[in-house]
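Chemist: Test case, fold it:
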Amino acid sequence: MIVVQKYGGSSVADTDRIRRVAGRVAQAKRAGNDVVVVVSAMGRMTDRLMQQAHEISGVPPGRELDMLLTAGERISMSLLAMAIHEEGLSARSLTGSQAGIITDTVHGKARIIDITPGRISDALDGGHVAIVAGFQGVSRDSKDVTTLGRGGSDTTAVALAGALGAPVCEIHTDVDGVYTADPRIAPDARKLTQVSHEEMLELAACGAKVLQVRSVEYARNHGVDVHVRSSFTYGDGTWVRRQEEDMEQAMVSGVAHDTSEGKLVLRNVPDKPGVAARVFSALADNAINVDMIVQNVSAAGTTDISFTVPLDDGPRAVELLRGLLVDIGAEDLDFDDAIAKVSLVGAGMKTHPGVAAAMFTALADAGVNIEMISTSTIRISVVVRGEAVETAVRAVHDRFGLATPGTPTGTSVGWSS
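Modeler: Predicted coordinates for the structure are as follows:
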């Protein structure tokens, strides 16, 4: 059987931890499995490389930044291969391009468009452990090295599991599973045993940092089960898998929060067809993701359009839209970087009325004002002031009894440090 394991930066933060990972990999190999390992950069190496890049250049060229950042994973894969050799086994380390990770041309946010894992299969056929540098690939068109965005090693691992036909992808990290809220904010948050792809996708998109959003999306689309486990213990962790029709669904399952977005408001925009399309097409053409969108009721022929974007993309979005103000006839724009998003997720929401009312009441009772609201069939998200996020998370978590023993099993949300 093929086993795909991914180890995050904290799991390979130093040589002692790399030796520990090598021991776990060797255990899986000696159990008779073909083992593929995906590794992240050691500790905070990616952050340090990013800092150095910005010390040199205010806006580093995307191509050169990707070349720099992918060095961290190459270091990890080589050291782990050496450690596995010390375990008495053979290993072959491969960069993303050598492993056949083919992407589009968007530097810093590349998407996987194909996988040709011939060299991985050759390594496995030769009895070796295959070690792949996560977070990276190569553009089919430009042949340049690309990166998959923060947390991209998760996507590398899940995509390889799908391409190789592995029944499960093991994500080894510094938390022991998925929780009903961030335990640093809600100390009584519970770890649960199982979550659905759909719920985990919503939670990841709303701030849960155990899994990258695209890795969950890939797992759902390709039928890959994901097992989130600690690198430092042998606990059961949390399974992310397809929701069975006869599986009991909790009404509400978890609370996620996200402080990595800002709110952009276009003031006094002409209320006429085509304006919104012009605004959001411009953002899309520049690979800027938009999350929550609210358009106010028209007054005297104009309206305000509010939406959230990642903080990292905020300056680019502001610069881009300032250049469009005259063309679209808008008066001005504001960017607010002091907001937070709090989200409630549960597959059972579809059949239980009153969830939104209960959430809004809990926030009101805690003195938290709501600035924006967005919903899906299994999620309710609100934007609040950044300083109120911890109060909001605890209020909603308590209101729905997510820490109470005996609460029906549902999705939980985990965070890594």
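
Chemist: The helix or strand of the chain with the lowest mean pLDDT - which strands sit beside it in the sheet, and in what orientation?
Modeler: Across the helices and strands of the chain, the lowest-confidence element by mean pLDDT, DSSP states H and E is strand 191-192, at a mean of 84. Its sheet considered, strand 191-192 pairs with strand 178-179 (antiparallel) by DSSP bridges.

Chemist: Domain boundaries for this structure, per the record?
Modeler: Domain assignment of the chain by automatic domain parsing yields the ranges 2-173, 263-336.

Chemist: Comparing those, which stretch has the densest surroundings?
Modeler: Between those, domain 2-173 has the highest mean count of neighbours, a mean of 20, where neighbours are mean count of other Cβ atoms under 10 Å. All C-beta atoms are positioned from the backbone trio N, CA, C, and that covers glycine.

Chemist: Quick one: end-to-end distance for it.
Modeler: This stretch, domain 2-173, spans 20 Å end to end (Cα to Cα, to the nearest Å).

Chemist: for that domain, the distance to its chain's centre please.
Modeler: 16 Å (Cα atoms, centre = their mean, to the nearest Å).

Chemist: looking only at pLDDT, what's the mean for it?
Modeler: Confidence over domain 2-173 (mean pLDDT, whole number) is 96.

Chemist: residue contacts, the residue located most distally from the centre of the chain?
Modeler: Relative to the centre of the chain, and counting by Cα atoms, centre = their mean, the farthest-placed residue is Ala300 at 41.4 Å. Contacts for Ala300 were tallied using Cβ atoms under 8 Å, 6 or more residues apart in numbering; there are none.

Chemist: What of Ala395?
Modeler: Ala362, Leu363, Asp365, Ala366, Val368.

Chemist: Which of these are buried, as a ChimeraX select command?
Modeler: Restricted to buried positions by 16 or more other Cβ atoms under 10 Å, the ChimeraX selection for these reads:
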select :362,363,368
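
Chemist: Helix, strand, or coil at Ala403?
Modeler: coil (DSSP: H, G, I helix; E, B strand; the rest coil).

Chemist: One more: Thr303?
Modeler: Per three-state DSSP, Thr303 ends up strand.

Chemist: what is the mean pLDDT for stretch 208-227?
Modeler: Per-residue pLDDT over stretch 208-227 has a mean of 91.

Chemist: hey, C-alpha coordinates of the strand or helix carrying Glu198 in PDB?
Modeler: Taking DSSP states H and E as the definition, Glu198 sits inside helix 197-205. C-alpha atoms of helix 197-205 as PDB (Å, rounded to 0.1, in the frame of the first residue of the first chain):
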ATOM      1  CA  HIS A 197     -14.700  17.500   3.400                       C
ATOM      2  CA  GLU A 198     -17.500  20.100   3.000                       C
ATOM      3  CA  GLU A 199     -17.300  21.400   6.600                       C
ATOM      4  CA  MET A 200     -13.500  21.400   6.700                       C
ATOM      5  CA  LEU A 201     -13.500  23.300   3.500                       C
ATOM      6  CA  GLU A 202     -15.600  26.000   5.000                       C
ATOM      7  CA  LEU A 203     -13.600  26.100   8.200                       C
ATOM      8  CA  ALA A 204     -10.300  26.200   6.400                       C
ATOM      9  CA  ALA A 205     -11.600  29.100   4.300                       C
END
